[in-house]
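# What follows is a predicted protein model with its sequence.
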Amino acid sequence: MAGPRARLKRLPTFTVSRGEVQFSLRTVDPMFRFSLTRLVETSPAPPDSSSPGAEARFAASWDTRFRQEWVRLRAAVHETLRFKAEPRRAGVQTRPAFSRGQLMSLHNDVKVLQRSQAGAFIFEYYQNTLLPAAACLLLDEIDQASPDLSASLVAAWTHFYCHALPSLEAIFIHVKNQRTSIRQATLVAFRDCVLLKLSDRLQPLLEEMNAEGSVPPGIQQMLLVLQSVMECYPPSEKRLKLESLVARVVSPYLGHRGLYEGGYPKPVIPSRELDVAHLRRPSVVDPRRLQRPLSVSSSSPHVETLSDLFTLSANRAFHRRVGSRDNM
């Protein structure tokens, strides 16, 4: 007997303006089929560019049925990153990250948006719109917190790393991205929108503290944690700018440009990695090559990338399979 579920089926694809994006969906009604291409063409205000972030912002603002979910998520991100420099009092407990039932409600909002036409772009909307706006508010609060930049920056980093970062990971735990995680995207936003915008004021301060040997541990932890995030390779200009800040407080320090010593912003032993990185043939899986050339055996061809290694292994398995069939 055919019930209500007999009319339901799975929609495995969505189409966007630049091609087709394959991903899995939950079982939905066939009449509830959406196309982002038709959505863009039939709407009165087209997006300002063809970037995925612009499409995500446009789709999120156009679909008024899910506006409340977007508003609640935006408010949660801003509230999580909000920082108030208040002295801690003995015996006073810190407030919980979420009120009772708030995290479950936010998870439901994320799941509802994942089933909408903008579901494929939640991560890009979070990365390109929500995070920069919230990080700019955090930067303003750092400027207003205290005239002592190092103290206010340490307090803001402690709040961000101990409270905001795990809270945002908990909110968007159901949002997955292939290359960058929620944690990495959030750390990169703090680096680009907070730390590097303070770099002109921070550089002489770091040099002075390093000469006196009084660099706060919070500053060192912040720089080392942020430099450990590799969002792309070859490294971006912003990551190289961060490298020069790390070299002022960590000695010796081995970066992409070479070996730094003595707190100098320029390497004492330069490296050619950046020059060679643009000439390398990128691997299919990861553009970074193996640490050293790998040769499986003396008679095997020279293997330089993980892609070459996987191709060599697949070819050998294929030839073994063909040889076993011929022997039969």
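It's in. Residues are numbered from 1 along each chain as shown.
# Could you give the number of residues near residue 224?
The tally of other residues near residue 224 (other CB atoms under 10 Å) stands at 13. All C-beta spots, glycine's among them, are computed from the backbone N, C-alpha and C.
# Distance of it relative to residue 318?
According to CB to CB, to the nearest Å, residue 224 and residue 318 sit 45 Å apart.
# Would you mind checking the average pLDDT for the strand or helix carrying residue 276?
Here residue 276, judged by DSSP states H and E, is contained in helix 273-277. For helix 273-277, the mean pLDDT works out to 79.
# Need the contact partners of it.
233-235, 256-257 (CB atoms under 8 Å, 6 or more residues apart in numbering).
# Closest to residue 198 out of those?
Distance to residue 198 across the contacts of helix 273-277 (CB to CB) is lowest for residue 235, with 20.3 Å.
# From what I see, that closest one and residue 242 are in contact.
No: with contact defined as CB atoms under 8 Å, residue 235 does not count as touching residue 242 (9.2 Å).
# which ones are touching residue 260?
So residue 260 contacts 247, 250-254, 266-268 (CB under 8 Å, 6+ apart).
# ranking the residues you listed by neighbours, who comes first?
Neighbour max across the contacts of residue 260 (other CB under 10 Å) = residue 247, 29 neighbours.
# The closest residue to that one other than its chain neighbours bridge partners, please.
In space, and not counting its chain neighbours, residue 247 is closest to residue 260: 3.7 Å by CB to CB, 6 or more residues apart in numbering. Per DSSP bridges, the residues bridged to residue 260 are residue 253.
# All further residue positions should be reported with the first residue as 23.
OK, 23 is where the count begins now, so the last one is residue 282.
# And residue 282, how far from residue 300?
Applying CB to CB to residue 282 and residue 300 gives a distance of 22 Å.
# How about residue 266?
20 Å.
# These two: who's more crowded?
More crowded of residue 266 and residue 300, by other CB under 10 Å: residue 266, with 18 against 7.
# Residue 286 versus the more buried one, what's the distance?
Distance, residue 266 to residue 286, using CB to CB: 9 Å.
# what does residue 168 give?
From residue 168 to residue 286 the distance is 29 Å (CB to CB).
# Residue 202 now?
32 Å.
# Then residue 273?
Distance from residue 273 to residue 286, by CB to CB: 9 Å.
# ok, now residue 301?
Between residue 301 and residue 286 the computed distance is 28 Å (CB to CB).
# Using PDB, write down the CA coordinates of stretch 241-250.
Extracted in PDB, the C-alpha atoms of stretch 241-250 (Å, rounded to 0.1, in the frame of the first residue of the first chain):
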ATOM      1  CA  ILE A 241      51.100  36.600  22.700                       C
ATOM      2  CA  GLN A 242      53.500  33.700  22.000                       C
ATOM      3  CA  GLN A 243      50.700  31.200  22.100                       C
ATOM      4  CA  MET A 244      48.500  33.300  19.800                       C
ATOM      5  CA  LEU A 245      51.200  33.700  17.200                       C
ATOM      6  CA  LEU A 246      52.200  30.100  17.300                       C
ATOM      7  CA  VAL A 247      48.600  28.800  17.000                       C
ATOM      8  CA  LEU A 248      47.800  31.100  14.100                       C
ATOM      9  CA  GLN A 249      50.900  30.300  12.200                       C
ATOM     10  CA  SER A 250      50.100  26.600  12.400                       C
END
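# quick one: the helices in this protein?
58-64, 74-84, 89-103, 124-136, 144-147, 153-167, 171-181, 187-193, 204-212, 221-234, 239-249, 259-271, 295-299, 328-349 (DSSP state H).
# That concludes my questions; thank you for your assistance.
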